[in-house]
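Student: Take a look and give me a structure for this.
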Amino acid sequence: MRDKRNAIALHALAVVIFGLLLWTGVTSIGSGAEALGIPMIITGGAGSAGSLTIVVSMLRDPTRPTTRQVARLGMVIAAAVAVIIGVVLAPADTDRSFVIAVDVLIGTLLATFAALAGDRRPAQLFDAASRPAR
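Tutor: Got it, this is the predicted structure:
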């Protein structure tokens with residue numbers, strides 16, 4: 001029970017953190033930095049929505065992980081889309097490599113969070129990877 005409460009609290013914190021990333025993206029667009037702002041909006045929105053979906057899923061029906069798996073898949077897809085859009089929108093001047101690096105970083109962070117999200121312990125991640133497919 002304690003592990004479940006900790007997982008819910010951590011995912012609720014992730015909702016807030018990704019919400020702040022979303023807000024940063026909105027303010028970046030307002031200041032003219034669309035190449036950074038749009039990927040931040042995508043990753044922040046997907047991270048917040050995915051984390052909130054996982055929290056609600058853990059509260060409602062902790063025995064069925066299907067909703068959490070769909071949320072994680074959605075976050076990984078959003079991370080890839082954010083990186084692609086960031087590369088496409090990156091300016092052609094000297095800031096291009098910086099913008100691409102930041103966009104890749106936030107996309108990687110979202111994908112990593114998606115891979116680790118849920119109420120699984122780290123040992124369970126390795127156990128699932130080492131089991132043969134059925």
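Student: Counting by contacts, list what the helix or strand hosting G86 packs against.
Tutor: Element membership of G86 [criterion: DSSP states H and E] is helix 66-89. Contacts defined by 3 or more Cβ pairs under 8 Å, 6 or more residues apart in numbering; DSSP states H and E place helix 66-89 against helix 34-60, helix 96-116. The C-beta positions use only the backbone N, C-alpha and C, and glycine is treated the same way.
Student: Can you tell me the centre-most residue of the chain?
Tutor: With distances taken as Cα atoms, centre = their mean, the residue of the chain nearest its centroid is L110 (3.0 Å).
Student: Surely it touches G74?
Tutor: No - between L110 and G74 there is no contact under Cβ atoms under 8 Å: 10.4 Å.
Student: shared neighbours of those two, anything?
Tutor: Common contact partners of L110 and G74 (Cβ atoms under 8 Å, 6 or more residues apart in numbering): A46.
Student: Could I get the contacting residues of the nearest residue in space to T53 that is not next to it in sequence?
Tutor: If the residues on either side of it in the chain are set aside, T53 comes closest to A71, at 4.1 Å by Cβ to Cβ, 6 or more residues apart in numbering. Shown in contact with A71 (Cβ under 8 Å, 6+ apart): 49-51, 53-54, 57, 114, 117.
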